[in-house]
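S.K.: Mind looking at a prediction? Sequence and model below.
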Number of protein chains: 2
Amino acid sequence: MKKKYLLAPGPTPLFPDAVLEMGKPIIHHRAPEFAAILAQVREDLKYLFQTKNDVLVLCSSGTGGMEGTVCNLFSPGDKALVVRGGKFGERWAELCQVYGLETINIDVEWGKAIEPRLIAEALKRSPDIKGVFVQASESSTGVRHDVQALGEIVRPYENTILIVDAISALGVFPILPDQWGLDVVVAGSQKALMLPPGLAMVNLSEKAWRFAETSTCPRYYFDLRKERKALAKNQSAYTPAVSLIIGLKEVLEEIKREGLEKVLAHHARLARATRTAMEALGLELYAKDSPSDAVTAVKVPPGIDGAAIPKMMREQFGITIAGGQDRAKGKIFRIAHLGYVDIFDITTGIAALEMVLKKLGYEVTFGKGVGAAIEVYYNSGGQG
Amino acid sequence: MKKKYLLAPGPTPLFPDAVLEMGKPIIHHRAPEFAAILAQVREDLKYLFQTKNDVLVLCSSGTGGMEGTVCNLFSPGDKALVVRGGKFGERWAELCQVYGLETINIDVEWGKAIEPRLIAEALKRSPDIKGVFVQASESSTGVRHDVQALGEIVRPYENTILIVDAISALGVFPILPDQWGLDVVVAGSQKALMLPPGLAMVNLSEKAWRFAETSTCPRYYFDLRKERKALAKNQSAYTPAVSLIIGLKEVLEEIKREGLEKVLAHHARLARATRTAMEALGLELYAKDSPSDAVTAVKVPPGIDGAAIPKMMREQFGITIAGGQDRAKGKIFRIAHLGYVDIFDITTGIAALEMVLKKLGYEVTFGKGVGAAIEVYYNSGGQG
C-alpha cells in the first residue's frame, strides 16, 4: 500500500488525460485521422513555443534533438562555443566534438550561471564562432542560464546562431525563441509536458534553417529538413511515436485551456516555495544566484551522507528525488517541481525530507520546511 | 459506433496487458525498480532473438536502429552490398550513402526475393565488401528474403557481416541470428511486438562488435558501444522510452508463456489463410514466390481503382489496410497479419474486402475469400 511519488527532473508524473488517450486503440500514422492530430499538435506547439515557426517532433529522447541540431546545422571545422556548467553542457560539448566542430568550452562552475559578458567577449574575440550552445535550465545543477541575455548578444552576428537546450525549461519558465533570438530550442516530452520520454521537439529560426543549407555532417533519422518537409503535410519522415503524439495533443490542449502564463506562474510559485522551504530548514541552495524553476538543487549539509538522502526517500517513503551526478554526486540532492505537480506534491516531498534528514542526524524542527513552503504558496496567489 | 480495425504492417494493434501496464504511474529510469525491469527485458529479448548476445534497446523507431548499425560498424569508403527490392531496401542504400560507404546496389524486381547466388557471386567478385544489407521481410512488397541462405554465404568471409532489417519479421517467422550467422538483426516495437512505435532493438554478433572498434563515422545518440556498456548494468546511455520498455516486458512475458514456436506457427497460419483467400477471390499475389508471413501484398485487378481499395476499407468499414508505396502506388494493396491479430481479424478484413471489390465492379462471390481463409485455418491446427 505504499504510494509512490515522483519528484525527479524527468520523467515527471504523467498527465492522466493523456494516459487515457494513449491507452486507446492505436491508429496508423498515415491515416487521415492521425494527420489531423498532427496538424493540431503543430499549431498548439507554436503556442507553447511562442513562435511562428514550425516545431519539429522527433521520435527520440531529448538528446536526439540535440544531436539533430548539431549534425544538421554545422560542419566539421565549424567553431562552436559551449557553455559547460553541468552534465548537459558537457553533452553539447561532446556532441560538437563527435561531429568534428572546433569546440571552445566556457567552463562555468557547477551551480553558477554563465555571465553573459563572457559570451559577448568570446564572440568579439572570435566572430567566426558559428554556434553558441547553452542550457536554459541545467538539470544537473539546478541552474537557469539567462538565455534572453545571450539572445541579445548573439543576434547581431549574422553567421552565429544560439542553440538552447530547453528540455527541462520549456513550459516551466518563459522561453521566447522569436522574441529573444533563440535560433534553436530543443524540448522533450518527459519534463513539463507530463508525458513519457520518447519525443524530442526542435524549433528553428529562419536564420538557423539557413545553416542547414550548407551543413555537411551525415544524418538520416534526424534529418531536420526532411522532417520539416513532411510536417508541412502533417506527416513525419519516419514512423512517429504515435501514442506520444496523441498524448501530446491532450497536454497541449490542457496548457492552452489553462493558459501558458498561468502554467509558468504555477511553476514559479512551486519553485519558490521549495527553495524557501530548503532555506527554512537551514539548507543551502546549490544554485543560489540563478536557480531554475524546474528543479531545486540543495547542498548536502556537512556531516550528512549525501547518497543516503534519495535512497531513504525512496525506500522509506516511496518518493523519487534525484541525487547529484558526476562531480556533484553525494554533494547535492535535487527536488523537481515541473509538470503535473502541485503544492501538495511539494509538501509531501518536504515532509519526507524533514524526516529523512532528522534520521540522518541533521537538526530539524518538523514542519518548518513545509510551513515555509505553504506560506510562500499562500502569499503568492496560490490560495486561489 | 463504427469499430476500428488495424490491419496495416505497423503500427499493429496493441497488446492490452501492455497498455494497462504502460498506463500506470511512470517510474524513474534510474530507479532500481526500472533496472530490474530492464534486466528482465534483457533476458527475455535473448529468448525472442534466440541469441546469447545482448539485444540493445534504443528510443527511436526502427530506422534509428538501422542508422545505428551503419554509423557504428562502418567507415566512409567501406564497401557495402545492398539488396534493394523495395522501399526499405532503398533505405539501407540511402543510409550507406549518407555515411559515405561505397554502395553496390543489387536491384531486385519489386515483389521478388533476392536470389542468394547473386550475393555469393558479388562477394566472390568483391571479397572486400564489408557489409551485406537486406530485409528479412520487405514490408513494401510483402517479400521474404531468405536470410538463412545469405547467412551461410556471408559467414565464411571474415571481414564481411550480414545486416538484417527484421523490423517486420522478428516474432513473425524464424530469425535465428546465432545459428544462421545474421550479424546484425534490427527489430521494432510496433510490429509483432504489439506496442506503439518508439523502440528499436539491435542484436549484434561478436563479429559485428569487432567492426565497431574501427568505425570512424560520427555518432552519439545511437552509440551502440555506449548502450552496450550501459545495458551491462541494466541501464541505458540516455533517457529510455520508459513506458514502452515496461510494455515490452509484458509482451515478452506473454511470448514466453505462449512459446515462440507457437507464436510463429500462429503467424504462418494467418498468413497462409490470407494468401489462400486472396487467390480464392481470383486475385494475384504480388510476392508469389517468396511471401512474407508479416504482410500479404495483392495486385489490384485490372480495371479497378487501386487507391480506392484502402480508402473504401477505411471510410466504409473503419478498417486500415495499406496501399502500395512509391512505384507500387495504386498497383497493390497490403493486408498485414502480425502482432495481436487472430483469424477473426483476418476474416473481418477479407469480408470487408469482398464488399469493397464488389462495389468497385470486381466480380465476387461473397464468402469465397472468407471461406477459403477459415478452411486453411481449420485444417492447419487452428481449430485447437
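M.R.: Perfect, thanks for sending it. Numbers count the residues shown, from 1 in each chain, chains lettered A, B, ... in the order given.
S.K.: For A:Ala352, which non-adjacent residue is spatially closest?
M.R.: Of all residues not flanking A:Ala352 in the chain, A:Phe317 sits nearest, at 4.3 Å (Cβ to Cβ, 6 or more residues apart in numbering or on different chains). For the C-beta atoms, the positions are set from N, CA and C on the backbone; glycine is no exception.
S.K.: Wait, that neighbour touches A:Leu353, no?
M.R.: No. Look at A:Phe317 against A:Leu353 with Cβ atoms under 8 Å: they stay out of range, at 9.1 Å.
S.K.: Settle it for me: which of these two has more neighbours?
M.R.: Neighbour count, other Cβ atoms under 10 Å in any protein chain shown: between A:Phe317 and A:Leu353, A:Leu353 has more, with 28 against 19.
S.K.: Please report how far that one lies from A:Ile321.
M.R.: Using Cβ to Cβ, to the nearest Å, A:Leu353 is found at 8 Å from A:Ile321.
S.K.: and for those two, which residues touch both?
M.R.: Common contacts of A:Leu353 and A:Ile321 (Cβ atoms under 8 Å, 6 or more residues apart in numbering or on different chains): A:309, A:313, A:335.
S.K.: Thought A:Ile321 was touching the last one, still the case?
M.R.: Yes. Counting by Cβ under 8 Å, A:Ile335 touches A:Ile321, with 5.2 Å between them.
S.K.: more crowded one of these two?
M.R.: Applying other Cβ under 10 Å to A:Ile335 and A:Ile321 shows that A:Ile335 carries more neighbours, namely 28 against 25.
S.K.: where does the more buried one fall, phi/psi-wise?
M.R.: Torsion angles at A:Ile335 (phi, psi; degrees, to the nearest 10) stand at phi -110, psi 120.
S.K.: Please list all residues in contact with it.
M.R.: A:7, A:274, A:295-296, A:298, A:321-322, A:346, A:349-350, A:353.
S.K.: and the gap between it and A:Thr274?
M.R.: Distance of A:Ile335 to A:Thr274, computed by Cβ to Cβ: 6 Å.
S.K.: Overlap in contacts, the two.
M.R.: Residues touching both A:Ile335 and A:Thr274 (Cβ under 8 Å, 6+ apart) are A:296, A:346, A:349-350.
S.K.: mind listing the helices for the stretch 201-350 of chain A?
M.R.: For the stretch 201-350 of chain A, the helices defined by DSSP state H, counting those that start in this stretch occupy A:206-212, A:224-232, A:242-258, A:260-280, A:308-317, A:343-359.
S.K.: The ones you listed: which one's closest to A:His29?
M.R.: Among these, helix A:242-258 comes nearest to A:His29, with 5.4 Å by Cβ to Cβ.
S.K.: list the buried ones in the closest one?
M.R.: A:242-253, A:255 (16 or more other Cβ atoms under 10 Å in any protein chain shown).
S.K.: Next: stretch A:199-208.
M.R.: Residues A:199-205, A:207-208 are the ones in stretch A:199-208 that count as buried (16+ other Cβ under 10 Å).
S.K.: before we move on, what about stretch A:14-34?
M.R.: Across stretch A:14-34, burial judged by 16+ other Cβ under 10 Å covers A:14-15, A:18-19, A:21-23, A:26-31, A:34.
S.K.: Ok, stretch A:231-243 next?
M.R.: A:231, A:234, A:236-243.
S.K.: What about those residues, which are in strands?
M.R.: Using DSSP state E, no member of the buried residues of stretch A:231-243 sits in strands.
S.K.: These: which ones sit near chain B?
M.R.: Filtering the buried residues of stretch A:231-243 for proximity to chain B by Cβ under 8 Å from any Cβ of the partner chain leaves A:238-243.
S.K.: Include distance to B:Cys217 and pLDDT when you put these into CSV, please.
M.R.: Listed next are those as CSV, based on distance: Cβ to Cβ, whole Å; pLDDT from 0 to 100:
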residue, distance to B:Cys217, pLDDT
A:Tyr238, 19, 97
A:Thr239, 23, 97
A:Pro240, 25, 98
A:Ala241, 25, 98
A:Val242, 30, 98
A:Ser243, 31, 98
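S.K.: can you list those in JSON lines and add distance to B:Lys46?
M.R.: Shown next, in JSON lines, are these (distance: Cβ to Cβ, whole Å):
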{"residue": "A:Tyr238", "distance to B:Lys46": "27"}
{"residue": "A:Thr239", "distance to B:Lys46": "25"}
{"residue": "A:Pro240", "distance to B:Lys46": "29"}
{"residue": "A:Ala241", "distance to B:Lys46": "26"}
{"residue": "A:Val242", "distance to B:Lys46": "28"}
{"residue": "A:Ser243", "distance to B:Lys46": "26"}
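S.K.: Stretch A:188-199 spans what distance, first to last residue?
M.R.: Chord length of stretch A:188-199, first to last residue, is 6 Å (Cα to Cα, to the nearest Å).
S.K.: same check, this time on stretch A:13-25
M.R.: 22 Å.
S.K.: State the mean pLDDT of that stretch.
M.R.: Average pLDDT, stretch A:13-25: 97.
S.K.: again with stretch A:60-75
M.R.: Rounded mean pLDDT across stretch A:60-75 is 98.
S.K.: repeat for stretch A:164-179
M.R.: Per-residue scores along stretch A:164-179 average to 98.
S.K.: Stretch A:170-180 near chain B at all?
M.R.: No. Stretch A:170-180 does not reach chain B (Cβ under 8 Å from any Cβ); its nearest approach is 15.6 Å.
S.K.: Could you give me the buried positions within that stretch?
M.R.: Under the neighbour-count criterion of 16+ other Cβ under 10 Å, stretch A:170-180 has A:170-175, A:177-178, A:180 buried.
S.K.: Okay, and which of the residues you listed map to strands?
M.R.: The strands, defined by DSSP E, take in nothing from those.
S.K.: who in the stretch 151-300 of chain A is up against chain B?
M.R.: Neighbours of chain B within the stretch 151-300 of chain A, by Cβ under 8 Å from any Cβ: A:188, A:190, A:196-198, A:217-222, A:238-244.
S.K.: now with 10 Å?
M.R.: Residues of the stretch 151-300 of chain A lying near chain B by Cβ under 10 Å from any Cβ of the partner chain: A:167, A:188-190, A:194-200, A:217-223, A:236-247.
S.K.: Kind regards, and thank you for your time.
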